[in-house]
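Participant: Kindly generate the corresponding structure for this input.
(chains A and B, ligands or ions: 5)
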Amino acid sequence: MTQATEEKKPPNIDIYKAWCKACGICVAFCPTGALARDETGSPYVKDPEKCAKCGLCELRCPDFAITVHEKKERQARGGQ
Amino acid sequence: MEEFTKLIHKYLRHDKKFPHVWCPGCGIGIMLGALIRAIDRIGYEKDEVVLVSGIGCSGRLPVYVDFNTLHTTHGRALTFATGIKLAKPGLKVIVVMGDGDAVAIGGNHFIHAARRNIDLTAIILNNSVYGMTGGQYSPTTPFGMRSTTTMYTNIEHAFKISELAVTAGAAFVGRGTVYHAKLLDGLMEKAFLKQGFSVVEVIAHCHTQYGKLNRLGGPVEMLQWQRDHAVTVESAARMKPEEMEDKFLIGVLADRDLPVYTEQYERIRQRAKAGQGKDA
Ligand SMILES: Cc1ncc(C[n+]2csc(CCOP(=O)(O)OP(=O)(O)O)c2C)c(N)n1
Ligand code: SF4
Ligand code: SF4
Ligand code: SF4
Ligand SMILES: [Mg+2]
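Facilitator: Ligands and ions are numbered 1, 2, ... in the order given. Sure, this is the predicted structure:
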């Protein structure tokens, strides 16, 4: 049971506020809608469960301000 | 994905001020990420790499990374790089230029470096404008577009940098966009590994100057434009010419083996040293 809970854990996405310039690129091109912008335009992780860990936000961030941490455990597919 | 960030930090100069100087959403940062990933994949030692740049927003790139770096004068980066390569042929010399740097003031150096097929890699950030100095038109500003020096719209025609490099004799030419970041690191890797003059043209956006004057939106809209107008060489082969009219090609545009200047030069040196005559 413990392990199943672990496996469902969504990825850790770090947004390094000190470097982020709130350009909106990561949010606009996230294919799953895991990210969103707050009222100031800054990105935040709205729905980590949705993240597909494609890494595109990290690749396209011009400021190296967003990191998607790969989970140690294999990602559980399907099931809640 | 975490490892990407780790390696970005491995190559950054931590005594420099971050976040970097570029405007929010500027593509130069994306290009820097691609460059670092490509270098890391090949596994060059930091001391083996020399990054040479001219002046411009793109010219500031080497400032941030921990290789041997040389920030030279506007338009002359290739000449400094040529000197370095001839003096120390063992080094991997990479030249980072803007479109103004490479094909306006430095245009002559560019075509002749390609013609000589000297073993250098030129990475050219093409944002269609002089970004740093306030949005003046450059030789890559498209016909009919506005810049601060073509307020009645540009009546000149744009150079196609990659096609120019192919014609001038470069051994490898690839074009990518900052939107297609993964493709970009692949192109850079191929270019770095190529013997001879290799060029990667990076289509990017200057939303604060060119984008604003032409009402093209911010970085997101300009990246969408890249997404919607770039066609890979492979897809283009299956398309009709009229479908390609407002599009541009991305991918490998030339990859050929030609005698490399640096090697030919070394041969002559060896012959002269051995006291062989010119007819040997
Ligand atoms: C010899 C010389 N002429 C002109 C300038 C002024 N100048 C600095 S950067 C630049 C153009 C920059 O455009 P580009 O090379 O496209 O780089 P970008 O800023 O767009 O990345 C010019 C004209 C200069 N520094 N030196
Ligand atoms: S792409 Fe980077 S700089 Fe831009 S909003 Fe996202 S994290 Fe911030
Ligand atoms: S890794 Fe992919 S799915 Fe997850 S937040 Fe980033 S862009 Fe979105
Ligand atoms: S002026 Fe243009 S090219 Fe220069 S940093 Fe700003 S957006 Fe980028
Ligand atoms: Mg430019």
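
Participant: going forward, measure contacts and count neighbours with C-alpha atoms only.
Facilitator: Noted.

Participant: which residues of chain A score low on pLDDT?
Facilitator: Within chain A, the segments meeting pLDDT under 70 span A:1-9, A:71-80.

Participant: Can you name the residues of the stretch 151-280 of chain B that neighbour chain A?
Facilitator: Within reach of chain A by C-alpha under 8 Å from any C-alpha of the partner chain, the stretch 151-280 of chain B has these residues: B:178-179, B:181-182, B:219-220.

Participant: By neighbours, which of those wins?
Facilitator: B:Val178 (29 neighbours; other C-alpha atoms under 10 Å in any protein chain shown).

Participant: Enumerate every residue touching it.
Facilitator: Taking C-alpha atoms under 8 Å, 6 or more residues apart in numbering or on different chains, we find B:Val178 in contact with A:60, B:27, B:30-31, B:184, B:202-204, B:223.

Participant: Tell me where the longest helix sits in chain B.
Facilitator: Ordering each helix of chain B by length in residues (DSSP state H) puts helix B:28-42 first.

Participant: Next secondary structure after that one?
Facilitator: Next helix or strand after helix B:28-42 toward the C-terminus (DSSP states H and E): strand B:49-53.

Participant: what's the next helix or strand after that following strand packed up against?
Facilitator: Next along the chain after strand B:49-53, taking DSSP H and E as the criterion, comes strand B:68-71. For strand B:68-71, the elements it packs on are strand B:49-53, judged by 3 or more C-alpha pairs under 8 Å, 6 or more residues apart in numbering or on different chains; DSSP states H and E.

Participant: Using PDB, write out every CA atom in the strand it packs on.
Facilitator: Extracted in PDB, the C-alpha atoms of strand B:49-53 (Å, rounded to 0.1, in the frame of the first residue of the first chain):
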ATOM      1  CA  VAL B  49      36.200  24.600 -25.800                       C
ATOM      2  CA  VAL B  50      36.700  28.200 -26.900                       C
ATOM      3  CA  LEU B  51      33.600  30.300 -27.300                       C
ATOM      4  CA  VAL B  52      34.100  33.500 -29.300                       C
ATOM      5  CA  SER B  53      31.500  36.100 -29.800                       C
END
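
Participant: circling back to that earlier point, same list (the residues of the stretch 151-280 of chain B next to chain A) but as JSON lines, adding pLDDT and secondary structure.
Facilitator: Putting these into JSON lines (pLDDT from 0 to 100; DSSP: H, G, I helix; E, B strand; the rest coil) gives the following:
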{"residue": "B:Val178", "pLDDT": "98", "secondary structure": "coil"}
{"residue": "B:Tyr179", "pLDDT": "98", "secondary structure": "coil"}
{"residue": "B:Ala181", "pLDDT": "97", "secondary structure": "helix"}
{"residue": "B:Lys182", "pLDDT": "96", "secondary structure": "helix"}
{"residue": "B:Pro219", "pLDDT": "98", "secondary structure": "helix"}
{"residue": "B:Val220", "pLDDT": "98", "secondary structure": "helix"}
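
Participant: thinking again about what came up before, between the contacts of B:Val178, which is nearest B:Thr148?
Facilitator: Distance to B:Thr148, by C-alpha to C-alpha, is smallest for B:Ala204 among these, at 18.6 Å.

Participant: ok, the closest residue to ligand 5 within chain A to B:Phe197 distance?
Facilitator: The minimum distance from chain A to ligand 5, using C-alpha to the ion, falls at A:Pro62 (16.9 Å). Distance, A:Pro62 to B:Phe197, by C-alpha to C-alpha, to the nearest Å: 28 Å.

Participant: With neighbour numbers in mind, choose between the two.
Facilitator: The neighbour comparison of A:Pro62 against B:Phe197 (other C-alpha under 10 Å) goes to A:Pro62, with 30 against 26.

Participant: ok, the more buried one touching B:Cys23?
Facilitator: No - counting by C-alpha atoms under 8 Å, A:Pro62 does not reach B:Cys23; the two are 9.6 Å apart.

Participant: excluding its backbone neighbours, what's nearest B:Asp257?
Facilitator: Among residues not flanking B:Asp257 along the chain, B:Ala171 sits closest, at 6.2 Å (C-alpha to C-alpha, 6 or more residues apart in numbering or on different chains).

Participant: Can you report how many residues lie near that neighbour?
Facilitator: Neighbour number of B:Ala171 under other C-alpha under 10 Å is 27.

Participant: Quick check: pLDDT value at it.
Facilitator: We have a pLDDT of 98 for B:Ala171.

Participant: Run a quick neighbour tally on B:Glu243.
Facilitator: Neighbour number of B:Glu243 under other C-alpha under 10 Å is 9.

Participant: how much space between it and B:Leu51?
Facilitator: Taken as C-alpha to C-alpha, the span from B:Glu243 to B:Leu51 is 39 Å.

Participant: Kindly report the same for B:Thr153.
Facilitator: B:Thr153 is 36 Å from B:Leu51, by C-alpha to C-alpha.

Participant: now swap in B:Leu253 and tell me
Facilitator: B:Leu253 sits 24 Å away from B:Leu51, going by C-alpha to C-alpha.

Participant: Got phi/psi on B:Thr177?
Facilitator: For B:Thr177, the backbone dihedrals (degrees, to the nearest 10) come out as phi -130, psi 160.

Participant: follow-up on the earlier one: same drill for B:Thr153 and B:Leu51, tell me which one is more crowded.
Facilitator: For B:Thr153 versus B:Leu51, the count of surrounding residues by other C-alpha under 10 Å is larger for B:Leu51: 23 against 17.

Participant: do you know how far the more buried one is from A:Gly55?
Facilitator: The spacing between B:Leu51 and A:Gly55, counted by C-alpha to C-alpha, is 27 Å.

Participant: got it, and B:His229?
Facilitator: B:His229 is 23 Å from A:Gly55, by C-alpha to C-alpha.
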